[in-house]
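Student: Structure of the sequence below:
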Amino acid sequence: AVVSTQSTGLEELMESGQLRGIGVSNYTVAHLEELMEYTTSGPPSVLQSEFHPRCQQAEVRGFCDKHNVQFMGYTPLGRQDLFNKPVVREVGDKYGITPSQILLKWGLQKGAVTIPRSSRPDRNVENATSWTDGVSLKQEDMDLLDQLNDDHHYCWNPDLL
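Tutor: Just a heads-up that it's a prediction; the model follows:
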């Protein structure tokens, strides 16, 4: 199996000190369980997967929590269509911050490392302030944003494989 061959090779690199950890991307719980059948070093260190209020990946994140795998979310701004959702704007207005900052805070408060992307330096600065401005969303606002979940993938959906 490909997973067996790849994981064995990566584990050998870890044992030799050439790697500090093994990360995977877009794995489902079934993929992670299969990987763990072939490895001797345990679960991967990091799982990178799409993550935003419309695609919350609860099952995968639960697996990651249980097995001490850092969950890293990409596309945290949802290709910007989330900016136009009334609840995102309302929560942003409540705290006096932008929709992108609301979405990034939501992800961070869910325990995910988030990976925002922009080619514009001003947006990169705006996004970075999400980690340093001292604002935390109240649970009631987190719950409102959670209600956007409809398992929508802007990128590809690994469940379809």
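Student: And the strands in the protein?
Tutor: 23-25, 46-50, 70-74, 113-115 (DSSP state E).
Student: remind me which residues of the chain are low pLDDT?
Tutor: Applying pLDDT under 70 to the chain picks out residues 1-7, 131-132, 161.
Student: Any idea which residue is closest to the centre of it?
Tutor: Geometric centre of the chain, nearest residue: residue 73, 1.7 Å, by Cα atoms, centre = their mean.
Student: Let me see the contact set for that residue.
Tutor: 48, 49, 50, 51, 52, 57, 107, 112, 113, 114, 115 (Cβ atoms under 8 Å, 6 or more residues apart in numbering). Every residue, glycine included, has its C-beta placed from N, CA and C.
Student: Out of the residues you listed, give me the one that has the most neighbours.
Tutor: Counting neighbours by other Cβ atoms under 10 Å, the top entry in the contacts of residue 73 is residue 52, with 28 neighbours.
Student: what about the residue lying closest to residue 111 once chain neighbours are set aside, neighbour count?
Tutor: Excluding its sequence neighbours, the residue lying closest to residue 111 (Cβ to Cβ, 6 or more residues apart in numbering) is residue 71, at 6.8 Å. By the measure other Cβ under 10 Å, the count of residues near residue 71 is 22.
Student: how close does residue 71 get to residue 87?
Tutor: 23 Å (Cβ to Cβ, to the nearest Å).
Student: Quick check: residue 133 vs residue 96, distance?
Tutor: Residue 133 is 10 Å from residue 96, by Cβ to Cβ.
Student: Need the overlap of contacts for these two.
Tutor: With Cβ under 8 Å, 6+ apart, residue 133 and residue 96 have no common neighbours.
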